[in-house]
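[1] need a structure here:
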Amino acid sequence: MLRPDVVEYLKDHLKSFPVETLRKQLADEGISDADFSDSLAAALRAPTTVRTGAKPKAKTSMAAIAFLCIGVAIIVSIGMYALSQKPKLSSTEGNTENPSGESAFIGHAGWVVRLPKDYVGVSDFADSSKRHQIIYFCKKGTDPTNFLNEGLFGQLGIVKLEVLPTQFPNNPTGLANLSRMAAGKYKNAGEKFAMKNMQVATLPGVSVTVLAPFPRAEAFVLGQDQMFFFSAGQEDDIWRDIVLSLRDAHTEN
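    Down below sits the predicted model:
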């Protein structure tokens with residue numbers, strides 16, 4: 001059955017989110033697949049008026065769905081592209097080294113990460129506009145096929161970083177919303193985890209230790225325009241050296 005409230009919601013969000021993401025979020029609100037399909041067809045036709053036989057949901061409910069879509073789309077998209085793509089070996093142009101032997105990786109958007117000794121960053125982009133950058137920090141000579149198996153990250157000392165535009169502002173409200181969305185991600189996956197706030201220079205963030213079923217360390221850090229998502233096998237010295245060295249020129253005085 002065509003649902004006018006769903007039609008209006010889809011018209012507002014189809015340009016920003018994949019159809020399946022919207023389908024899932026509305027299903028969680030009790031919208032049947034048949035109602036979604038009928039409403040989607042109407043939304044794609046962009047009619048000037050819609051049938052008003054059904055009672056719209058409360059505005060606060062739709063606002064909640066919109067907010068949830070934004071957060072889930074940002075967080076769930078993190079890491080998915082790299083798992084299905086083979087990294088490009090030639091994309092190491094962000095690496096720099098000074099005469100003293102210290103090295104760093106300069107990101108496409110101008111941020112910088114200091115690297116441990118004998119480490120390099122292998123970079124790729126998830127999109128043609130180069131707004132979603134993926135970097136694997138690893139020891140020189142690491143076989144890049146290992147980047148596709150996160151179960152090896154701890155053993156090989158690999159730390160992955162994804163940098164993408166963020167909808168969460170770089171302030172306490174943005175951090176609180178990010179924390180809530182991140183917690184929902186792990187809960188929905190049925191994972192046991194511990195979460196705490198963290199500070200990386202001027203950047204606020206959230207540190208997460210996933211305990212089961214797949215133990216790992218993750219961190220979400222909010223820059224001025226980007227969100228930085230780190231993941232590794234465990235929180236060790238390599239992890240701390242890389243994550244805590246992050247500097248975003250857009251937020252530095």
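[2] would you mind writing the CA trace of the helix or strand containing residue 25 as PDB?
    Per DSSP states H and E: residue 25 is located in helix 19-28. In PDB, the C-alpha atoms belonging to helix 19-28 read as follows (Å, rounded to 0.1, in the frame of the first residue of the first chain):
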ATOM      1  CA  VAL A  19      17.600   2.600  -1.400                       C
ATOM      2  CA  GLU A  20      18.600  -0.500   0.600                       C
ATOM      3  CA  THR A  21      19.700   1.700   3.500                       C
ATOM      4  CA  LEU A  22      16.400   3.500   3.500                       C
ATOM      5  CA  ARG A  23      14.500   0.200   3.200                       C
ATOM      6  CA  LYS A  24      16.200  -1.200   6.300                       C
ATOM      7  CA  GLN A  25      15.700   1.900   8.400                       C
ATOM      8  CA  LEU A  26      12.000   2.100   7.500                       C
ATOM      9  CA  ALA A  27      11.600  -1.600   8.100                       C
ATOM     10  CA  ASP A  28      12.900  -1.000  11.600                       C
END
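[3] for that helix, the averaged confidence score.
    Here helix 19-28 scores 72 as its mean pLDDT.
[4] counting by contacts, list what the helix or strand just after it packs against.
    Under the assignment DSSP H and E, the closest C-terminal helix or strand after helix 19-28 is helix 33-45. Packing partners of helix 33-45 (3 or more CB pairs under 8 Å, 6 or more residues apart in numbering; DSSP states H and E): helix 4-13, helix 19-28. In this view, the C-beta of every residue, glycine as well, is placed from N, C-alpha and C.
[5] isn't residue 191 up against residue 215?
    No. Using CB atoms under 8 Å, residue 191 is not in contact with residue 215, being 9.7 Å away.
[6] give me the below-cutoff pLDDT ranges for the stretch 151-253 of the chain.
    252-253 (pLDDT under 70).
[7] so which residues of it form helices?
    153-156, 172-188, 237-243 (DSSP state H, counting those that start in this stretch).
[8] mean neighbour count and distance to residue 176 added to the helices and strands packed on helix 33-45, as a markdown table?
    Output for the helices and strands packed on helix 33-45, formatted as a markdown table (neighbours: other CB atoms under 10 Å; distance: least, CB to CB, whole Å):
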| stretch | mean neighbour count | distance to residue 176 |
| --- | --- | --- |
| helix 4-13 | 20 | 23 |
| helix 19-28 | 16 | 21 |
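[9] now do the strands in the stretch 151-253 of the chain.
    159-165, 192-200, 203-212, 216-222, 226-232 (DSSP state E, counting those that start in this stretch).
[10] so which bits of the longest one are buried?
    Which is strand 203-212. By neighbour count on 16 or more other CB atoms under 10 Å, the buried set for strand 203-212 is 203, 204, 205, 206, 207, 208, 209, 210.
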